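1. just coords:
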């Protein structure tokens, strides 16, 4: 049994609490939020959980083993650092921190104290992304040619971060998880349509040191919700539509076959179109699995899948993307 | 009655012939193609049309008023220039030419001789695009925020041009038609997955001198066919899905409303979600209307909608996009 | 504030409890279920609610004003009758009772004591069905020609009732709500594919005393989930797809126009195809509105929309349908 | 080389002609139609084909080996009978004849003279239906539980036949082809919404001598076009959507597993949900294959797949369905 304190009960915090309350290996010891109304919601639903507007109480509480942080990005570093310094394991929302320097420091703090530092990259714990990773690991796709994702809807405008930090972070965490190679440079474009607000539409191209290419389209101002990813390989190709109730992943036995003829100037391209299949996916809520994984890592001193270094890699790409966006797509090394 | 000669009976030529044969105001006088097999197809279907492997015969034929050119891009300039110099009106496939210098020269030749020079930007004659233009002209969308298009499928690899010249040209012609403002710069990325072949996947961001942004995703190696365009405006937003058998255009009364409060540091964003409607569209084949428009322009000495200068503007963007692509997205002025 | 006791905490009971707990005008006084495990779930989530395996305690409790019954159909009558006789208002799951005789008796009991008797026809409280009713009431569809519904999926086989009693009841309640005219006869067919079990697939045709026709297809053994209703009218037609996340209702300005010519043997039919629109719908959870409506009816001694007589009308159709099904579709009066 | 004469150049005739003209084993010798305008269309497109308003000329022409009949149903018998009596093989549109007595007589005439008599049940030659038959023949579905088809759209009202004869005939021909067992009885309901016109909406339930059940929903007055068939089996289930551009057939590894326990009163039903796959289908135009099959049967004196007896079986079901419809679904033996 691990005792957990939760800082932040806004949009995502309630999901953490609901999952932890139902997890027999966890105990939600206390919840803090600056907003008393939010705490009243906690008390109405979970009368036995302690609440406070002062998060420091959670850090000072010797009965708490771990802290889950679900607050705005700008506060992640300070809260996580404080928790680590008080000897608590940390589970922090994505993106891990507001800067890569902060991320590096958190990693160091956690290592120094042998504490678990885990970033909430929820998507990599979904049945869909686990299946995609499995297919790529088994080399079913062949060489991965491209990863193309569209993640758009009429979304809440954020005040403190732009649409890249809010939405592209999901795809970056998926990419980091499923591909061995990591992006070396990024070209990003985008714009804000509301004066004085962060960019609400953006496009990222990710370059690798081979012929893989990544592209992410994020938009807070779209008329329809789209969550569609195309993954092209030399052998097979995947369409991953997260809005499909079932059949989220469709695998196409399609592609081109290149035959080199003796004549070096000639190359024959044949088109291949075979069956499609949609594998049955584990539909367990990703957050349930993810939080159990966090608990396991704490119990067994293991390194989580979405660990500090993966969080750092993603923050570095976010930083590079924003620098590139400011220069209208100028390619920027990660 | 206008007498037309057609050069090129490959993929698109048969569509031109079919439409012209059924048009009571046109007469297909002759067809040329380098491939005798293709000409045998002509004769089987249209025994009364003259055929030849020598296109010069069409240019030299004084009974021919106009030449339609449906050959590879690299040959457009030479053929169109020859036709104009022989006093023939010209209808040429998109993209107009392989370079902007060639396009400029064609425009000059046509103007000098008072001949019609029309580029086959077929999409702008579809019921869907005409409806979109009508909505934008009537200011139903409000300020146009973005144009985002995905045009991907397992497509035929071209030998002479990359996927931008093959597919993005459609969106560039639509954009040129529906927006008064023209792109001032482009950032393009992309890659070839088959060694020695042109790029088969590419992404273009188009910058304007206001806060409009354009983006085009083209791919010859996609597992599924997608033809979806999102157009966001301050008042309304459009989803244009060209693969829908009906309801190709859906108009969403959705968006954000920004209210400036007295406090200059505060801006309130409200979300608006209203009805959607799909207007009934004219389903006449675009090419039928377009060829009639060409005939009308010849008959009445009018300037076609998809005229030489529009063809030139698009070639200029294609050139800039390829320069940008070579530099991994470096922003490039048009 | 009304004090409510809930009998049955199986599949649907938790939804009743969740909604009532969040309703400021209601107090969930006690919950009974025969299964102690189910009661343990209640206590874990709502430690302050009294639980019991003996539903009689709820009936005997003078502090309880109303009873909500969410148990198998075969028990509805006995429980509801008991509640009414103890002076409690009743909210009972659909179908109201297992026989029309039982339904008649409940109506009488409730009337005699001036108690509210309400049947949980949830669908008629959805934004979608309310919009359909509004459109029909305003005569936007013209004469209603047909109501055709498909409600199929790989569903839980019921032991005590067949697929008609389980699923068709939803459509019958919608039909009863939106149409003034009521079915006069039914022809039903269907079959059981698992020996000894109730019918798992069935088809109902409903006849009216005009040219309206109704048809309902229900199936527990379908590979995909479908919830699609077509409603045809002389002026407009509706497609209602309950699985669409938004745009559940699409209204088509389509139909035929009949012109009588002088020649009595000639009738000209013209086809009309206009715009489609999808009105914005109220997305409030139907059960939330419905339970508030129940509370209002109790407070103000009003007759609920889904009252006893509507429950009775539907049970009568269910009975007639089963008689017809046994005779392979023989038309059976309601 | 077989010489074919075609009677009827209305809606379907042009498809026959186009396919036969492109078939190297066939020669279209002559076409007749009562309407001179239609014949003018023939001449414009195929200047070498003889045309006439008098179909008798085709029957009398000794150079013609076979007659294809694409005229209204009411004329099928007379024309086909005449052709057979003149020693011509016959390819006749569906439904084969207006009555089963006529169908029986045609079969007899053809047998007596050793002539090929083939009915144009186009759908059974599609890649989709051939794949379904292959799956059923290999017993991949297990026991076939049901065939459920929806075939609706805003369709042309026919003057001489109702929607059953016009549309349900497609499903009846598919059913006849894929299932060994044949329907023994039918219950049909339906209605006409336009006074004096044939029924425009209808529902057919087909009974077999086992627990298979068939259902067909046809409608000329639907707001959207639907062509969706569900086929349920004890092992697997199929969704066949003919409007899907690719992936017309999806095979679901879903179902229920019944385990008989020792206790005869108990039966355990488990639900099984596995992968889905969409096999690659042969996309050759069905009519092309079908007409080649007709030519092969003529050349080799073989019995066609869609032969006279299959045409007769379907006409018998159509007749029974209409009798049942007149009696509001009363079950009627075939």
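-> Received, thanks. From a predicted model like this one, the values you see are computed outputs, not experimental measurements.
2. which stretches of the stretch 201-334 of chain A form strands?
-> A:201-207, A:213-219, A:221-233, A:237-241, A:249-260, A:267-278, A:332-333 (DSSP state E, counting those that start in this stretch).
3. can you tell me which of those comes nearest to chain C?
-> strand A:221-233 (7.5 Å; C-beta to the nearest C-beta). Glycine gets a C-beta too; all of them are placed from N, C-alpha and C.
4. Do the closest one and chain D come into contact?
-> No - judged by C-beta under 8 Å from any C-beta of the partner chain, strand A:221-233 stays clear of chain D, getting no closer than 15.7 Å.
5. Skipping adjacent residues, who's closest to whichever residue of the stretch 151-300 of chain A sits closest to chain D in space?
-> Closest approach between the stretch 151-300 of chain A and chain D, counting by C-beta to the nearest C-beta: residue A:277, at 3.8 Å. Excluding the flanking residues, the one nearest residue A:277 by C-beta to C-beta, 6 or more residues apart in numbering or on different chains is residue D:277, at 3.8 Å.
6. Check residue A:256 too.
-> residue A:269 (5.1 Å).
7. circling back: out of the strands of the stretch 201-334 of chain A, which one sits most buried?
-> strand A:201-207 (a mean of 27; mean count of other C-beta atoms under 10 Å in any protein chain shown).
8. And for that strand, what's in contact with it?
-> For strand A:201-207, the surrounding residues in contact (C-beta atoms under 8 Å, 6 or more residues apart in numbering or on different chains) are A:147, A:162-164, A:168, A:175, A:183-191, A:193, A:213-221, A:317, A:321, A:325, A:331, B:145-146, B:148, B:189, B:203, B:205, B:213, B:215, B:232, B:328-329.
9. just checking, what packs against the helix or strand harbouring residue A:17?
-> Applying DSSP states H and E as the criterion places residue A:17 in helix A:13-21. On a contact count with 3 or more C-beta pairs under 8 Å, 6 or more residues apart in numbering or on different chains; DSSP states H and E, helix A:13-21 meets strand A:2-7, strand A:26-32, helix A:36-45, helix A:286-300.
10. for whichever residue of chain A sits closest to chain C, what are its contacts?
-> Closest to chain C within chain A is residue A:47: 6.5 Å, counting by C-beta to the nearest C-beta. If you count contacts by C-beta under 8 Å, 6+ apart, residue A:47 has them with C:47-48.
11. how deep is residue A:37 tucked in, by neighbour count?
-> Counted with other C-beta atoms under 10 Å in any protein chain shown, residues neighbouring residue A:37 total 8.
12. pLDDT score assigned to it?
-> pLDDT recorded at residue A:37 is 94.
13. who touches residue A:80 in this structure?
-> By C-beta under 8 Å, 6+ apart, residue A:80 lies in contact with A:67, A:69, A:90, A:92, A:97, A:106, A:117.
14. host element of it?
-> helix A:73-85.
15. Residue A:51 too?
-> strand A:50-52.
16. Report the secondary structure state of the residue of chain A closest to chain C.
-> Assigned by DSSP: H, G, I helix; E, B strand; the rest coil, the conformation of residue A:47 is coil.
17. ditto for residue A:164
-> Put simply, residue A:164 is helix when judged by three-state DSSP.
18. can you pull up the bridge partners for the closest residue in space to it that isn't next to it in sequence?
-> Excluding its sequence neighbours, the residue lying closest to residue A:164 (C-beta to C-beta, 6+ apart) is residue A:202, at 4.9 Å. On the basis of DSSP bridges, residue A:202 takes part in beta bridges with residue A:190, residue A:218.
19. can you pull the contacts of the residue in the stretch 1-150 of chain A positioned nearest to chain D?
-> Per C-beta to the nearest C-beta, the residue of the stretch 1-150 of chain A with the smallest distance to chain D is residue A:131, at 10.9 Å. Taking C-beta under 8 Å, 6+ apart, we find residue A:131 in contact with A:249, A:279, A:281.
20. Kindly reformat the residues you listed as JSON lines containing distance to chain B.
-> JSON lines is the format used below for the contacts of residue A:131 (distance: C-beta to the nearest C-beta, whole Å):
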{"residue": "A:249", "distance to chain B": "12"}
{"residue": "A:279", "distance to chain B": "15"}
{"residue": "A:281", "distance to chain B": "18"}
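21. and chain D, which of these reach it?
-> residue A:279.
22. what's the following helix or strand after the host helix or strand of the residue of the stretch 1-150 of chain A closest to chain D?
-> Using DSSP H and E, residue A:131 sits within helix A:127-137. Heading C-terminal from helix A:127-137, the first helix or strand you meet, by DSSP H and E, is strand A:144-154.
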